[in-house]
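1. I'd like to go over a predicted model; first the sequence, then the structure.
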Protein chains: 2
Amino acid sequence: MKKIMNDPSSILDEMLDGIAFAYDNLVERLPESNVIHRKTSHNKKVALVSGGGSGHEPAHAGFVGQGMLSAAVCGEVFTSPTPDQILTGIKASDEGQGVFLIIKNYSGDIMNFDMAKELAEMEDIAVDFVVVDDDIAVKDSTYTAGKRGIAGTVFVHKILGAAADEGFSLKEIKQLADQLIPAIKSLGVALGAATVPEVGKPGFELAEDEIEFGVGIHGEPGYRREKIKPSKELAKEMIKKLKDEFQWEKGEKYALLVNGMGATPLMEQFIFMNDVKELLIKEGLELPFKKVGDYMTSIDMQGLSLTLVKLEDDKWLDYLNAPVKTIAW
Amino acid sequence: MKKIMNDPSSILDEMLDGIAFAYDNLVERLPESNVIHRKTSHNKKVALVSGGGSGHEPAHAGFVGQGMLSAAVCGEVFTSPTPDQILTGIKASDEGQGVFLIIKNYSGDIMNFDMAKELAEMEDIAVDFVVVDDDIAVKDSTYTAGKRGIAGTVFVHKILGAAADEGFSLKEIKQLADQLIPAIKSLGVALGAATVPEVGKPGFELAEDEIEFGVGIHGEPGYRREKIKPSKELAKEMIKKLKDEFQWEKGEKYALLVNGMGATPLMEQFIFMNDVKELLIKEGLELPFKKVGDYMTSIDMQGLSLTLVKLEDDKWLDYLNAPVKTIAW
């Protein structure tokens, strides 16, 4: 394992200090915590808090700032943050209108965010939440009951963030979130596994000519391994799976994210985007919002995911386009 | 070699179509060319044009847009664009005030951009240029006489772009560029080589426990190979080399970029940034502008570079902070 790091046990600590230093105009690390908190005030709006295990950078700290999250609570690599850390994030973010938690569907996160919610409510902070489960690859997985939450979470941060900025109440944010979650679906493909620094070797093995469809962002198993195929063929399979889920019709509007997993050059992500373009145009979909890049990674995993959001409400497109002040959107 | 692509010979074409589709709100691909051109008008300002071989994404197409480049001319992977392509970029960008070329110091780029300049002048377009040579690792290299141009180029795009937006004449842009270039210095380290798709194997070999200081963005040799060290030690050596070049004194202001080479997780880049922080604060420097991420990559090379810009003029900091509309700044 070759990595630019010091002691594997101090990775989270050093990374958070690095983030807070590099972007001290936008965020701060709350003292004696693993919470990255926005510097700009929310002006008495509902605050959004997310987080989870680290190793998915820029998620979630990169989305802290005006128009998106108030705080990201960062666990050790691929490990849920503890309830007390989440509570710290909630308390620092609340501005009297309540706090809304955006949780990716992993059992550890669900448990700890839920516990933090209870602790916060005992301190009279109104808290509500949504669970993101956009990964259509498999049902139930290594760390998940139901579907996993992956790159689509970034769209949840953005759309709910703009709505919170617009002055939505906690109840209205919850309603919007409940409408939004089923409209977001993702699917990934891996060419190589991530290496967790404290483990020191890749999380799974793929043969030199093999890929795996549907791998999760912690290397959880996908649904099929096979010989590597041209980008066009990968795109075809992934679009077909997404179409089966959405059952879309001509003229519908979608937002689109091609997301790199951490060690996939932008060159490959753009080539894949070009193949996706051909297929979706053939389907007659409108694609008024698109993004390409590393948004929800899996340390140094080689691969990418494709996320589509059915834009059921024109307002959602406005929310996606609303300006933000964050590190990574 | 595992890559998400189709035919290696169509990589440039498909990538450019992917970029133009993904960001059709910001850029367009000029018809029958390898030029990514901004959609927004410059309003009769001097136009900046850059480019070079592909494989360094998001450079340079990611920096096309309001406040930065008017066009990026994209060659095949690690290959200079041809003079006629560069001429196409110049002609599309000129708005009557002349065109300023930002060229990384590689012999092929120098030759072809110079030829394009002459062709443009024959068509009565005023053209001037600057050569970026920020890499302090070695003098003269595989494809370079003198020092190589690497990630510091992105700061040249940004600072000159803001000055052009402010209404600088071609002559004033040239003066600013000549002052800026010696104030920008970079140094890289590689943990693993890039694989050019048409070649199919890594450009150089490093042992499982080896790193190389000073590797160029096309895998050109650096100045020393040795056993991998902790991030703190890498930072120490790189800061020492940069200090020797700058001969800085306490209280001086610098801008700072930690740049990933394409396959280096943000986690590692932030840890390295944290080590850089400790050292530069000890040196007594002020660091009012900082950035971390993949800005000038080498396909899927594992490694990073560190760029410092001595902010000799407070105006430069304003230029760095000026808003832009681009894909990747």
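-> Yep, that arrived. Numbers count the residues shown, from 1 in each chain, chains lettered A, B, ... in the order given.
2. which residues does A:L16 contact?
-> A:29, A:34, A:36, A:61, A:74, B:270 (CB atoms under 8 Å, 6 or more residues apart in numbering or on different chains). Where you see a C-beta, it was placed from the backbone N, CA and C, and this is true even at glycine.
3. ok, 10 Å please
-> The neighbours of A:L16, taking CB atoms under 10 Å, 6 or more residues apart in numbering or on different chains as the test, are A:27, A:29-30, A:33-36, A:54, A:61, A:72, A:74, B:270-271, B:274.
4. A:Q66 now?
-> Contacts for A:Q66 (CB under 10 Å, 6+ apart) come out as A:26, A:38-43, A:161, A:165, A:322-326.
5. let's see 7 Å
-> A:38, A:40, A:324-325 (CB atoms under 7 Å, 6 or more residues apart in numbering or on different chains).
6. what do you get for A:H37?
-> The contact partners of A:H37, taken as CB under 7 Å, 6+ apart, are A:27-28, A:30, A:64, A:70-71, A:92.
7. Then A:V73?
-> Neighbour list for A:V73: A:34-35, A:49, A:51, A:81, A:85-86, A:89 [criterion: CB under 7 Å, 6+ apart].
8. Between the contacts of A:H37, which sits nearest A:E123?
-> A:A92 (12.4 Å; CB to CB).
9. Can I take it that the closest one is in a helix?
-> Yes - the assignment for A:A92 by DSSP: H, G, I helix; E, B strand; the rest coil puts it in a helix.
10. one step back: next, give me the two most distant ones among the contacts of A:L16.
-> Between any two of the contacts of A:L16, the greatest separation by CB to CB is 19.5 Å, found for A:L30 and B:I271.
11. Can you name the residues in contact with stretch A:217-224?
-> The contact list for stretch A:217-224, computed with CB under 7 Å, 6+ apart, reads A:56, A:78, A:137-138, A:141-143, A:148, A:150, A:193-194, A:203-204, A:212-215, A:296, A:298.
12. Pull out the buried members of those.
-> A:56, A:78, A:137-138, A:141, A:143, A:148, A:150, A:193-194, A:203-204, A:212-215, A:296, A:298 (16 or more other CB atoms under 10 Å in any protein chain shown).
13. now do the same end-to-end measure for stretch A:223-240.
-> Using CA to CA, to the nearest Å, the end-to-end distance of stretch A:223-240 comes out at 14 Å.
14. Out of the contacts of stretch A:217-224, which sit inside helices?
-> Using DSSP state H, the subset of these located in helices is empty.
15. In strands only, show me these.
-> Judged by DSSP state E, those include A:212-213 as members of strands.
16. filter the contacts of stretch A:217-224 down to the ones near chain B?
-> Near chain B, judged by CB under 7 Å from any CB of the partner chain, there are no entries from those.
17. what's the closest non-adjacent residue to the residue of the stretch 51-200 of chain A found nearest chain B?
-> For the stretch 51-200 of chain A, the residue closest to chain B is A:E57, as judged by CB to the nearest CB, at 3.9 Å. Sequence neighbours aside, B:L266 is the residue nearest to A:E57 in space, at 3.9 Å (criterion: CB to CB, 6 or more residues apart in numbering or on different chains).
18. how near is the one you found to B:V292?
-> 7 Å (CB to CB, to the nearest Å).
19. again, but for A:E208
-> For A:E208, the distance to B:V292 - CB to CB - is 32 Å.
20. So for those two, which residue has more residues nearby?
-> A direct count of neighbours by other CB atoms under 10 Å in any protein chain shown for A:E208 and B:V292 places B:V292 higher, at 27 against 8.
21. in what helix or strand does that one lie?
-> Secondary structure from DSSP states H and E places B:V292 in strand B:286-293.
22. same for the following helix or strand past that strand, what does it pack against?
-> Using DSSP H and E, the helix or strand that follows strand B:286-293 in sequence is strand B:302-310. Where contact means 3 or more CB pairs under 7 Å, 6 or more residues apart in numbering or on different chains; DSSP states H and E, strand B:302-310 is packed against strand B:184-192, helix B:231-246, strand B:253-260, helix B:266-282.
23. can you pull the buried residues of strand B:302-310?
-> By neighbour count with 16+ other CB under 10 Å, strand B:302-310 contains the buried residues B:302-310.
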